[in-house]
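Novice: Sequence first, then the predicted structure:
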Amino acid sequence: MITITTKQEMQQLAKQHKTDGNSIGFVPTMGYLHVGHLKLVKEAKKNNDIIIMSIFVNPLQFGPGEDYKAYPRDPERDKQLAEEAGVDILFMPSPGNMYQNEKSIRMTVLRRTDTLCGVNRPGHFDGVVTVLSKLFNIIMPDRAYFGLKDAQQFAVVSGLVEDLDFPLELIPVETVREASGLAVSSRNVYLNEKERIQASALYKSLQKAKELINSGIQDIEAIICEVKDYMKANMEGDIDYVELLSFPELEQITVLKGKVIIAVAVKFSKARLIDNIIIDI
Ligand code: PAF
């Protein structure tokens with residue numbers, strides 16, 4: 001594995017791979033790698049000649065109240081994990097290199113952000129699409145891999161790729177789960193022992209919703225109520241939202257048809273967890 005720290009060098013190398021006829025699979029991350037990231041690499045390795053992973057904590061996607069400086073970082077461990085997973089090129093630019101010039105363009109996401117986590121994170125997805133547009137132009141991937149744990153990010157990035165005609169395929173990758181069903185997340189370390197057991201109620205409540213839908217229930221409000229009731233009965237966290245929306249449009253629906261997402265967010269004492277399932281009806 002080689003590590004590259006400037007966008008100029010990275011773009012040069014990506015161009016060379018393109019000229020040589022190599023397909024590029026891209027895994028964008030902010031580092032502090034866990035099994036979820038490594039699954040993205042595993043998927044990417046199935047269909048691409050070269051795997052490029054970026055590790056860049058993007059200052060643009062952090063709001064004023066969110067601590068960009070405190071975001072967990074462990075570059076040495078990340079390098080080791082990336083290499084073991086089979087990454088060929090690790091791209092780790094500095095903020096100074098990525099955002100070299102004074103900005104003359106501002107990107108604004110117009111849809112899919114006024115719901116779920118977007119409600120409380122104004123500007124967050126503007127920062128995500130800005131950095132991804134830059135990374136797509138620098139790395140020129142054939143395929144880019146995103147975990148469905150952050151399904152809203154996947155939906156927003158699908159809109160970006162479609163709107164700006166990026167010549168790449170977005171590949172959604174299933175959420176990695178612990179045996180209890182709890183979605184793997186770096187935030188799980190902030191759960192105490194009791195909360196960790198209770199947190200499996202998020203996925204179990206989503207499974208409950210799936211069962212109801214599969215049994216023919218059409219009443220969206222009733223399904224949302226069942227999910228809330230299940231969580232309230234099985235955990236002490238505060239429910240932030242339970243939503244049932246079209247996917248990837250993330251619009252309110254009145255009829256259960258086509259692809260839908262059921263998404264939940266719960267605040268525990270020191271961690272806010274999100275989870276979702278996507279069902280094709
Ligand atoms: O999901 C993330 O880690 C980040 O939002 C991403 C896609 C790497 C953009 O900074």
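Specialist: Thanks, I have the structure now.

Novice: Quick one: low-confidence residue ranges for the stretch 51-200 of the chain.
Specialist: Along the stretch 51-200 of the chain, no part satisfies pLDDT under 70.

Novice: Now do the same contact list for Glu211.
Specialist: For Glu211, the contact set (CB atoms under 8 Å, 6 or more residues apart in numbering) is empty. For every residue, glycine as well, the C-beta is placed using N, CA and C.

Novice: Swap in 10 Å and give it another go.
Specialist: Ile217, Ile223, Glu226 (CB atoms under 10 Å, 6 or more residues apart in numbering).

Novice: and which of those residues is nearest to Arg112?
Specialist: Ile223 (21.5 Å; CB to CB).

Novice: Isn't that closest one up against Ile253?
Specialist: No: if you go by CB atoms under 10 Å, Ile223 and Ile253 don't touch, sitting 11.5 Å apart.

Novice: Count the neighbours of the closest residue to the ligand within the stretch 51-200 of the chain for me.
Specialist: At 4.1 Å from the ligand, Asn58 is the closest residue in the stretch 51-200 of the chain, using CB to the nearest ligand atom. Here the number of neighbours of Asn58 (other CB atoms under 10 Å) works out to 21.

Novice: which non-adjacent residue is nearest it?
Specialist: Nearest non-adjacent residue to Asn58, counting by CB to CB, 6 or more residues apart in numbering: Val131, 4.3 Å away.

Novice: Okay, Ile223 and Phe154: tell me how far apart.
Specialist: To Phe154, Ile223 is 22 Å away according to CB to CB, to the nearest Å.

Novice: repeat for Pro172
Specialist: For Pro172, the distance to Phe154 - CB to CB - is 6 Å.

Novice: intersection of neighbour lists for those two?
Specialist: By the contact definition CB under 10 Å, 6+ apart, Pro172 and Phe154 are jointly contacted by Phe146, Gly147, Leu148, Pro248, Ile278.

Novice: State the pair within those residues that is farthest apart.
Specialist: Gly147 and Pro248 (14.4 Å).
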